[in-house]
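Asker: build me a model from this:
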Amino acid sequence: MSEQPTTEPSTGSQDLFPQGTVEPEYSLNDVLDTDAAGVYADITDEDRAHWMRACAFVQDELLGVIHEYWDRGEYPLDLVARMGELDLLRDGVDVPGYAPMSKMAAGLVAMELSRGDGSISTVSGVQGGLAMRSIAMCGNDEQRERWLPNMAAGKLLGAFALTEPTHGSDSIGLETRATPSEGGFILNGEKKWIGNGSMGGITVVWARNDVTNAVQGFVVPQESEGYSGTTIRGKLALRAIHQAHIRMENVFVPTENVLPGAGSFRDTSAVLFATRIGVAWAAVGQAVACYETAVQYAAQRQQFGRPLAASQIVQERLARMLSELTAMQTIVMAMARKEEAGTLTGPQASLAKYTATRTARRVAANARDLLGGNGILVENRVARHFADVEALHTYEGTETVQALIIGKSITGFSAYN
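Answerer: Residues are numbered from 1 along each chain as shown. Okay, the predicted model is just below:
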């Protein structure tokens, strides 16, 4: 006869799962002080207010849900509408009925949105930085009043269609044609990687005039006959915004939709130049997110009987990430002040973008590695940024193109061909 137990067996999880086998839930989304050099100490109250409004949106409404959209490859249009309500879509573009937003404020907002998510930052970059800016810079008063307020409010999505399937870095060689016709133009051609190009709004299309061969800008409603935008699937990065492959077959554009100030590729380049420093700001935001995640994970993750943060090698890696982040903040702030003063040059903007995106890649890779296996989980924040910074590194001019712009300014020789 077996001996009876003297106590009732426990059904508690501590007996079922020995101590140390249940992984804790990590809290990785808190805002940390990452301004080690005090580079933001003297920004104006107005600029800081824009930044803090973006920060509140990121903390309260974005971080808790964005990984689910990203994982499913869904475009969070509800969040985009909310960004419109909070005036986070226009990237500093002047819009009738809206308070002025400085270039510094626009940069800080881009940084903060990118700290939240690369796709969400790209939404603002496409909507405000490219589509709205094209209309603001190249349109007339009637066009600005017709489209910009609804775009700023998030009620009308806008796309910027320059890149073509066979013309990326050499976008000046675009082949989409605009043929003069009675009352307007007929557009034929294809575009690729066009954010918002399949979402049912308007698309600013850059095409070459069949008669003059000059590049012109056209505002094309996406419901126009002959316009088709197909969402590109299977992306590794920027999964929470939709980019499109656009085909235009005899799309008629009335004269009132032709941007009068867009008559050459120089005008296209002016729009792109105005957004380049914004990409550098976004890279800073990506790096901040990765650094914050790494610091918080290192403090919470236990290995060898102590937090990772108590290890010398981990502290060295965190110090390296902060050093690189501080260098990014310093150069971007320096270039932003030049932009506000109207003295920023093309090579300087390229240097900011080149430096910031290259450095953000290193910070992201270091943070991803520090998190070990948890670093590839989308919900743990750094994995999204690790992937998204690759896209950021490429768009608005690849690393190679930026290097050639900088190289020409150094040597005086153009090495594009």
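Asker: could you chop this protein up by domain?
Answerer: 45-152, 158-263, 266-411 (automatic domain parsing).
Asker: surely Leu63 touches Leu28?
Answerer: No. In this structure, Leu63 is not within contact of Leu28 by C-beta atoms under 8 Å, at 9.2 Å. No exception for glycine: its C-beta is placed from N, CA and C like everyone else's.
Asker: and for those two, which residues touch both?
Answerer: Common neighbours of Leu63 and Leu28 (criterion: C-beta atoms under 8 Å, 6 or more residues apart in numbering): Arg381.
Asker: hmm, back to that, next, format the domains of the chain as JSON lines and append distance to Leu32, mean pLDDT and mean neighbour count.
Answerer: Putting these into JSON lines (distance: least, C-beta to C-beta, whole Å; pLDDT from 0 to 100; neighbours: other C-beta atoms under 10 Å) gives the following:
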{"stretch": "domain 45-152", "distance to Leu32": "11", "mean pLDDT": "97", "mean neighbour count": "21"}
{"stretch": "domain 158-263", "distance to Leu32": "24", "mean pLDDT": "96", "mean neighbour count": "19"}
{"stretch": "domain 266-411", "distance to Leu32": "5", "mean pLDDT": "95", "mean neighbour count": "20"}
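Asker: out of the ones you listed, which comes closest to Ala37?
Answerer: domain 266-411 (5.0 Å; C-beta to C-beta).
Asker: end to end on that closest one, go ahead and measure it.
Answerer: 23 Å (C-alpha to C-alpha, to the nearest Å).
Asker: distance from the chain centre to that domain, please.
Answerer: 12 Å (C-alpha atoms, centre = their mean, to the nearest Å).
Asker: got it, and stretch 157-177?
Answerer: 19 Å.
Asker: I'd like the next helix or strand past the helix or strand encompassing Asn188.
Answerer: Taking DSSP states H and E as the definition, Asn188 sits inside strand 184-195. On the C-terminal side of strand 184-195, the closest following helix or strand by DSSP H and E is strand 202-209.
Asker: and whichever helix or strand comes after that following strand, C-alpha only, in CSV?
Answerer: Sequence order places strand 215-221 as the next helix or strand after strand 202-209, per DSSP H and E. These are the backbone C-alpha positions of strand 215-221, laid out as CSV (Å, rounded to 0.1, in the frame of the first residue of the first chain):
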residue,chain,number,x,y,z
VAL,A,215,9.2,67.6,-67.6
GLN,A,216,5.9,68.8,-66.3
GLY,A,217,3.7,68.1,-63.2
PHE,A,218,0.0,67.0,-63.4
VAL,A,219,-2.5,66.3,-60.7
VAL,A,220,-4.4,63.2,-61.6
PRO,A,221,-7.5,61.9,-59.7
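Asker: what sits up against strand 215-221?
Answerer: 134-135, 138-139, 143, 147, 161, 172, 174, 178, 185, 187, 201-209, 227, 248, 251, 253, 257-259, 262-265, 267-268.
Asker: okay, the angle between that strand and strand 202-209?
Answerer: 150 degrees (axes from the mean of the first three to the mean of the last three C-alpha atoms, to 10 degrees).
Asker: just how off-centre is strand 215-221 within its chain?
Answerer: 23 Å.
Asker: same question, stretch 67-79
Answerer: Using C-alpha atoms, centre = their mean, the offset of stretch 67-79 from its chain centre is 15 Å.
Asker: gap between the two ends of that stretch?
Answerer: 13 Å.
Asker: stretch 111-131 now?
Answerer: OK, stretch 111-131 end separation, C-alpha to C-alpha: 19 Å.
Asker: from the chain's centroid, how far away is it?
Answerer: For stretch 111-131, the distance to the chain centre is 4 Å (C-alpha atoms, centre = their mean).
Asker: how much space between the nearest residue to Pro24 once chain neighbours are set aside and Asn380?
Answerer: Nearest residue to Pro24 in three dimensions, chain neighbours excluded: Gln300, at 6.9 Å (C-beta to C-beta, 6 or more residues apart in numbering). Taking C-beta to C-beta, to the nearest Å as the measure, Gln300 falls 11 Å from Asn380.
Asker: what is in contact with these two at once?
Answerer: By the contact definition C-beta under 8 Å, 6+ apart, Gln300 and Asn380 are jointly contacted by Tyr26.
Asker: in a helix, Asp30, correct?
Answerer: No. Using DSSP: H, G, I helix; E, B strand; the rest coil, the secondary structure at Asp30 is coil, not a helix.
Asker: Asn380 against Leu371, yeah?
Answerer: Yes. Using C-beta under 8 Å, Asn380 makes contact with Leu371 at a distance of 6.4 Å.
Asker: what do these two both touch?
Answerer: With C-beta under 8 Å, 6+ apart, Asn380 and Leu371 have common neighbours Thr293, Tyr297.
Asker: quick one, the helix or strand where Ile277 lies and strand 202-209 angle?
Answerer: Secondary structure from DSSP H and E places Ile277 in helix 265-300. For helix 265-300 against strand 202-209, the angle by the same axes, to 10 degrees is 140 degrees.
Asker: CA atoms only: put the helix or strand in which Glu46 is found into CSV for me.
Answerer: Element membership for Glu46 (DSSP H and E) is helix 45-57. Extracted C-alpha coordinates of helix 45-57, given in CSV (Å, rounded to 0.1, in the frame of the first residue of the first chain):
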residue,chain,number,x,y,z
ASP,A,45,8.4,76.6,-27.5
GLU,A,46,6.3,76.5,-30.7
ASP,A,47,8.6,73.9,-32.3
ARG,A,48,8.6,71.9,-29.2
ALA,A,49,4.8,71.9,-29.0
HIS,A,50,4.6,70.4,-32.5
TRP,A,51,7.1,67.7,-31.4
MET,A,52,5.2,66.9,-28.2
ARG,A,53,1.9,66.6,-30.1
ALA,A,54,3.5,64.0,-32.3
CYS,A,55,5.1,62.3,-29.3
ALA,A,56,1.7,62.0,-27.6
PHE,A,57,0.2,60.5,-30.7
